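> Sequence and predicted structure, then a few things I'm wondering about:
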Amino acid sequence: MVITCPTPEGIKVSLGAIANPTDQQTQAILANTTPKKYQSQIADITKKDFSKLSTEFSTALTSFASAFSNLTNTQTGNVLQDILLQTDDTPISILENFEVPRSEAPAILVLLQGGETTEAITKIAALTGKDIETIEAFIPTVPTSLDAQLKDTSKTSSTGVFDVASKNNTWRGAATTNEYFDIIATQEQLLIEFIKCPREITEIVFYGHEMTADQILTAKDIHESYNADGNDGIPFHYVVQPGGNLQRGRSIAKEGTYSTTHNKFSIGVVVPHYVNAEAKVQQGATVRQIIEAFYHVWPGGQVFDANEDLVESNVPVGVSVSKYTESFKKVNHGGTGRSFSTAQLINASQGGI
């Protein structure tokens, strides 16, 4: 053991160089130099010479490499990235949702990860026919950092990123089933949903909703309560749950029914919180992400607090919406009396009525 490799295979070779032990003797010797949990394999070692063991090891290694390659499903050539894509194909799905063919998406991702943005934009333009300005605005929504993709999060999505817009086709008003109200886990997913919205949008309106101490209001609960009053399902497009999760409400493709004057061009978000209390810190963080995503897609859009700005609700939102808009250095150019179209809002921002 001192002068040879201190492994069962090495000891066996050494024994053969100085004596001619029987298989039984060899097994007895190896049993004293092998961890107990591996002793059941000693008989196989004593019956095979080094050449046969080497061949078997080489075959096993080749099989492992093949299985590993199949497991990672090589797409980008970066082993870690390919492994991540097996559990979360967000970057590929976002590119595909932007009309980049799935077969070409990995190559685009590699270009973006390598900092070759210009070449990536040129390739996307050729593949999708979209203009350069639109593509440049889209590129930042594609997560390319492995660190960002590895980042742990307590939020899990029940809808694939590529499928977000398909939810618009499954809204059935009061008859909508509970499975519809899923969680939108990432800001990237919300961005895609905003980008794919088929309606003209110019504003987002936040509402508060009171809960009693024994309540945890979800989109399903709000949907059922409005149905019970004879309404066409939940009036709000999104619900910010107390834990910070963003839950889908009414289809973003449909006008909301939360306002008497601001339904037409708006997205409605409700923040349930306890009576006479502020919203949770996690809810505030989610509200900020929603506003950030909204301004990313509609830079000149308006953000309203239904209680403070529109005086359409006697329940506070629970977070300071105005502080968030100020932090993004944004102002509302249109009036609060009605919902403005894009053309009307542009006119208002230029001093028109």
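Received, thanks.
> what comes up buried for the helix or strand containing residue 15?
Assigned by DSSP states H and E, residue 15 belongs to helix 8-18. Buried residues in helix 8-18, counting neighbours by 16 or more other C-beta atoms under 10 Å, are found at 8-9, 11-12, 14-15. (C-beta placed from N, C-alpha, C; glycine too.)
> Work out the gap between it and the centre of the chain.
In terms of C-alpha atoms, centre = their mean, to the nearest Å, the centre of helix 8-18 is set 56 Å apart from its chain centre.
> now the angle from the helix or strand that comes right after it to helix 8-18?
Next in sequence after helix 8-18, counting helices and strands by DSSP H and E, comes helix 23-31. With axes from the mean of the first three to the mean of the last three C-alpha atoms, to 10 degrees applied, the angle from helix 23-31 to helix 8-18 works out at 130 degrees.
> now residue 327: how far from residue 321?
11 Å (C-beta to C-beta, to the nearest Å).
> re the thing from before, which strands and helices sit next to the helix holding residue 15?
Taking 3 or more C-beta pairs under 8 Å, 6 or more residues apart in numbering; DSSP states H and E as contact, the helices and strands that helix 8-18 lies on are helix 23-31, helix 42-46, helix 50-72.
> Which neighbouring elements make contact with the first one?
Packing partners of helix 23-31 (3+ C-beta pairs under 8 Å, 6+ apart): helix 8-18, helix 42-46.
> buried ones in it?
26-27, 29-30.
> returning to what we had before: mind checking which of residue 327 and residue 321 has more residues around it?
Ranked by neighbour count (other C-beta atoms under 10 Å), residue 327 and residue 321 place residue 321 first, with 25 against 12.
> if you skip the residues just before and after it, what's nearest to residue 282?
Distances taken as C-beta to C-beta, 6 or more residues apart in numbering put residue 244 closest to residue 282, at 2.9 Å, once the chain neighbours are dropped.
> for residue 31, what are its contacts?
Contacts for residue 31 were tallied using C-beta atoms under 8 Å, 6 or more residues apart in numbering; they are 39, 42.
> among the helices and strands packed on helix 8-18, which is nearest residue 188?
helix 50-72 (23.0 Å; C-beta to C-beta).
> Which elements pack onto that closest one?
Looks like helix 50-72 contacts helix 8-18, helix 79-87 (3+ C-beta pairs under 8 Å, 6+ apart).
> lowest-confidence stretch among those helices?
Sorting these by mean pLDDT places helix 79-87 lowest, at a mean of 67.
> Same question for the following helix or strand past that helix: list its buried residues.
Sequence-wise, the next helix or strand downstream of helix 79-87 (DSSP H and E) is helix 90-97. Across helix 90-97, burial judged by 16+ other C-beta under 10 Å covers 90-97.
> So which of those residues is the closest to residue 53?
residue 92 (42.4 Å).
> and the residue nearest to the closest one when sequence neighbours are not counted, how far is that from residue 134?
Computed as C-beta to C-beta, 6+ apart, the closest residue to residue 92 that is not its neighbour in sequence is residue 105, at 4.6 Å. According to C-beta to C-beta, residue 105 and residue 134 sit 17 Å apart.
> quick one: which of these two has more around it?
For residue 105 versus residue 134, neighbours defined as other C-beta under 10 Å are more numerous around residue 105 (24 against 13).
> show me the contacts for that one.
So residue 105 contacts 91-92, 95-96 (C-beta under 8 Å, 6+ apart).
> Could I get the full set of strands for the stretch 151-300 of the chain?
183-184, 203-211, 238-240, 246-248, 266-274 (DSSP state E, counting those that start in this stretch).
> Packed most tightly, which of these would that be?
Among these, strand 238-240 has the highest mean neighbour count (mean count of other C-beta atoms under 10 Å), at a mean of 27.
> Contacts for that one, please.
So strand 238-240 is contacted by 181, 184, 217-219, 222, 246-249, 267-272, 279, 283, 286-287, 290 (C-beta under 8 Å, 6+ apart).
> Show the pLDDT at residue 275.
85.
> OK, contacts around residue 174?
227, 231-233 are the contacts of residue 174 under C-beta under 8 Å, 6+ apart.
> ok, of the buried residues of helix 8-18, which one's closest to residue 200?
residue 9 (73.7 Å).
> was I right about the closest one contacting residue 52?
No - contact between residue 9 and residue 52 fails when scored by C-beta atoms under 8 Å: they sit 11.1 Å apart.
> Could you pull up phi and psi at the residue nearest to residue 282?
phi 100, psi -10 (degrees, to the nearest 10).
> ok, now residue 318?
Backbone torsions of residue 318, given as degrees, to the nearest 10, read phi 100, psi -10.
> For residue 186, see how far away the residue nearest to residue 131 when sequence neighbours are not counted is.
Using C-beta to C-beta, 6+ apart and skipping the chain neighbours, the partner closest in space to residue 131 is residue 125 (7.5 Å). Residue 125 sits 26 Å away from residue 186, going by C-beta to C-beta.
> So the two - more neighbours on which side?
residue 186 (19 against 14).
> Look up how far residue 100 lies from that one.
19 Å.
> between the buried residues of helix 8-18, which is nearest residue 350?
For those, the nearest to residue 350 is residue 9 (83.3 Å; C-beta to C-beta).
> roughly how far out does stretch 327-344 sit from the chain middle?
For stretch 327-344, the distance to the chain centre is 30 Å (C-alpha atoms, centre = their mean).
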